[in-house]
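A.B. asks: prediction below, plus the sequence it came from.
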Amino acid sequence: MTEIAILFVTMFALMALGAPIFIAMLAAVLVTLFAGDLGSATVLPTQVAAGVDSYELLAIPFFVLMGSLMSQAGLTERIVAFLMYFIGGIKGGLAHTVIGSSAFASSVSGSAPAAASMIGSAMLPMMRRSGYRQEFSAAVVASSAILGPVIPPSVPMVFVALVTSLSVGQLFIAGIGPGILLIVGLIVVVAVRSRGTERIPDTEAVNPYRKDGLLTVTLRAVPALLTPVLIIAGVIGGFATVTEISILASAYVLLLGLAYRSLNLRSLFDVFTQTAQFASTIMMIFAAVAGFTYIVALTRLGSRIDQLVVDAGLGSFSFLLLTMLFFLVLGMVMDAIPAILIFVPVLLPSAIELGIDPIHYSAMIVVNLMVGLITPPVGALLFVTTKLARVSFLPLVKETAPFIAVYLAVVLLTTLVPALTTALPGLLF
């Protein structure tokens, strides 16, 4: 266990000092190799190269590309207009539109920061003009953006599939149940606050989308609405791999943007540059994780955890609760991607040994980690929305409290009710 302690202590110490995640992981691997006399460092380049030698990895940058193209092409605004036509005039209609639009943005980007940027840039100015408090508006945007990594296509689910060899399609569909619960919970919070102390204004008078007519608004939105249909149909129908679906969907959105003349060479250059930078970051992390996994395999950490579970007399219920709490805390201090890549392969075999469904366990972990996106000290979405809404960090944290309560309730339900994540995949696959 000395080598394991060296590995994790070195990694977390370097991360605490501000080192990039992939550097902290690779340095920890090198230190452990020498300190534990586990072999030559020459094995590391081979492991690093193997870590990025995966065709399925292409799905991640292409889903991110699709979300960026959707935003640049103005398709997000068409969905906002469609939702606003029906619910823009009710009490809290703009906030409800943010939730619905985020659910759509989630279904095409799979990334929470991407969904927050897409919807926040479109809706926050409108909410400000309509009399909403910016702190509340930012809290709604941040909280609803978490739907991105839960509703398919979920980028974190792709990561889970890559490190566990589970079906990407089943993991995607497993997120639908928790995603629906989250949407309902967010709507309830907005509805309660609309009729409570928030004093949310009526928006019928400022709803600009009623003048266009239902047919016009619907026809404008249909091509964009077909994007998630294409993705889900491809996943369920199996006519293409998830990577191929991500490429086809990106091409579809690109063609729509060109047809609408909302994309030009400058915007395309920006989109492709940002996506390439993101993809490079992901590849570096995967390369580092391969070296990390090599050390974990050498030290037989998985077997030791299995033995620890047996010695402690943990059943499946206790193990689920303990790992739920572990990932809740971990998500507050660590980004979801490295947390998934490091700990899921280590803990999943023990879960399977206890009779826990691997799809259920993996989906539970993803939902758990997403809570950390709106909780300090990391709270990546909080920092994104503070910039978009130009509000202070601490007031925004306070405003997100009711939404965090919803997420914690859904996390508990997802953990304790396996059918929420296994019923649909079992039915469709």
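C.D. replies: On my side now, so go ahead.
A.B. asks: okay, CA-based contacts and neighbour counts for the rest of this
C.D. replies: Noted.
A.B. asks: sketch out the low-pLDDT regions of the stretch 101-250 of the chain for me.
C.D. replies: For the stretch 101-250 of the chain, the stretches flagged by pLDDT under 70 are 106-111, 196-212.
A.B. asks: pull out the buried positions in stretch 368-387.
C.D. replies: 368-376, 378-386 (16 or more other CA atoms under 10 Å).
A.B. asks: and what of stretch 332-352?
C.D. replies: Buried, per 16+ other CA under 10 Å, within stretch 332-352: 332-342, 344-351.
A.B. asks: what does stretch 3-21 give?
C.D. replies: Neighbour-count burial for stretch 3-21, counted by 16+ other CA under 10 Å, picks out 3-4, 6-8, 10-12, 14-15, 21.
A.B. asks: next SSE downstream of the longest helix along the chain?
C.D. replies: Taking DSSP state H as the criterion, the chain has its longest helix at helix 265-298. Next helix or strand after helix 265-298 toward the C-terminus (DSSP states H and E): helix 301-312.
A.B. asks: give me the contact list for that following helix.
C.D. replies: With contacts defined as CA atoms under 8 Å, 6 or more residues apart in numbering, helix 301-312 is touched by 4, 296, 346-347, 349-350.
A.B. asks: now do it, average pLDDT.
C.D. replies: Here helix 301-312 scores 73 as its mean pLDDT.
A.B. asks: chain center to stretch 240-250, what's the gap?
C.D. replies: Between the centre of stretch 240-250 and the centre of its host chain there is 18 Å, according to CA atoms, centre = their mean, to the nearest Å.
A.B. asks: oops, could you answer that again for stretch 352-366 instead?
C.D. replies: Distance of stretch 352-366 from the chain centroid (CA atoms, centre = their mean) equals 18 Å.
A.B. asks: what about it, start to end distance?
C.D. replies: 17 Å (CA to CA, to the nearest Å).
A.B. asks: report the buried residues of that stretch.
C.D. replies: 354, 356, 358-366.
A.B. asks: among those residues, which are in helices?
C.D. replies: Using DSSP H, those in helices are 358-366.
A.B. asks: sort out which one of the residues you listed lies nearest A276 for me.
C.D. replies: Comparing these against A276 with CA to CA places V366 closest, at 24.6 Å.
A.B. asks: residue contacts, the residue lying closest to the closest one once chain neighbours are set aside?
C.D. replies: Nearest residue to V366 in three dimensions, chain neighbours excluded: P156, at 6.8 Å (CA to CA, 6 or more residues apart in numbering). By CA under 8 Å, 6+ apart, P156 lies in contact with 149, 336-337, 340, 366.
A.B. asks: out of the buried residues of stretch 3-21, which comes closest to S117?
C.D. replies: Nearest to S117 out of those is I21 (CA to CA; 23.7 Å).
A.B. asks: ok, back up a step: now, which of the buried residues of stretch 3-21 sits nearest A105?
C.D. replies: For the buried residues of stretch 3-21, the residue nearest A105 by CA to CA is I21; the value is 27.6 Å.
A.B. asks: on the pLDDT front, check the residue nearest to that closest one when sequence neighbours are not counted for me.
C.D. replies: The spatial neighbour of I21 that comes closest, neighbours along the chain excluded (CA to CA, 6+ apart), is M15 at 6.4 Å. pLDDT recorded at M15 is 82.
A.B. asks: quick check, M15 in contact with A24.
C.D. replies: Yes. In this structure, M15 is within contact of A24 by CA atoms under 8 Å, at 6.0 Å.
A.B. asks: tell me the gap between stretch 4-22 and the middle of its chain.
C.D. replies: Stretch 4-22 sits 24 Å away from the centroid of its parent chain (CA atoms, centre = their mean).
A.B. asks: and for that stretch, what's in contact with it?
C.D. replies: If you take CA under 8 Å, 6+ apart as the criterion, stretch 4-22 is touched by 24-25, 27-29, 31-32, 284-285, 287-289, 296, 299, 301, 338.
A.B. asks: run the last query once more with 7 Å
C.D. replies: Residues outside stretch 4-22 that contact it (CA atoms under 7 Å, 6 or more residues apart in numbering): 24-25, 28-29, 32, 284-285, 288.
A.B. asks: what do you get for stretch 215-222?
C.D. replies: Defining contact as CA under 7 Å, 6+ apart, one finds that stretch 215-222 is touched by 78-79, 81-82.
A.B. asks: list the buried residues in it.
C.D. replies: 217-218, 220-221.
A.B. asks: and if you look at stretch 176-193?
C.D. replies: 176-183, 185-187, 190-191, 193.
A.B. asks: show me the shaky parts of the stretch 251-400 of the chain.
C.D. replies: For the stretch 251-400 of the chain, the stretches with pLDDT under 70 are 302.
A.B. asks: and with 90 instead?
C.D. replies: 252-253, 256-318, 322, 325-347, 349-350, 353-354, 369-399 (pLDDT under 90).
A.B. asks: ok so, going back, what's the distance between the residue nearest to I21 and Q170?
C.D. replies: Plainly put, M15 is 33 Å away from Q170 if you go by CA to CA.
A.B. asks: V410 now?
C.D. replies: Distance from V410 to Q170, by CA to CA: 20 Å.
A.B. asks: likewise for M11?
C.D. replies: M11 is 32 Å from Q170, where distance means CA to CA.
A.B. asks: same check on Y260?
C.D. replies: In this view, Y260 and Q170 are 34 Å apart by CA to CA.
A.B. asks: I'd assumed V192 was in contact with K91.
C.D. replies: No. Counting by CA atoms under 7 Å, V192 is not a contact partner of K91; they are 10.3 Å apart.
A.B. asks: so the closest residue to M334 other than its chain neighbours: helix, strand or coil?
C.D. replies: Among residues not flanking M334 along the chain, V378 sits closest, at 7.0 Å (CA to CA, 6+ apart). Following DSSP: H, G, I helix; E, B strand; the rest coil, the label given to V378 is coil.
A.B. asks: now do R220
C.D. replies: Classification of R220 using three-state DSSP returns helix.
A.B. asks: alpha carbons of the strand or helix carrying L162, as CSV, please.
C.D. replies: Assigned by DSSP H and E, L162 falls within helix 155-164. Provided in CSV are the C-alpha atoms of helix 155-164 (Å, rounded to 0.1, in the frame of the first residue of the first chain):
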residue,chain,number,x,y,z
VAL,A,155,-19.5,13.4,-22.5
PRO,A,156,-18.8,12.0,-19.0
MET,A,157,-20.7,8.8,-20.0
VAL,A,158,-18.4,8.4,-22.9
PHE,A,159,-15.4,8.7,-20.6
VAL,A,160,-17.0,6.0,-18.3
ALA,A,161,-17.5,3.7,-21.3
LEU,A,162,-13.9,4.2,-22.5
VAL,A,163,-12.4,3.2,-19.1
THR,A,164,-14.8,0.4,-18.3
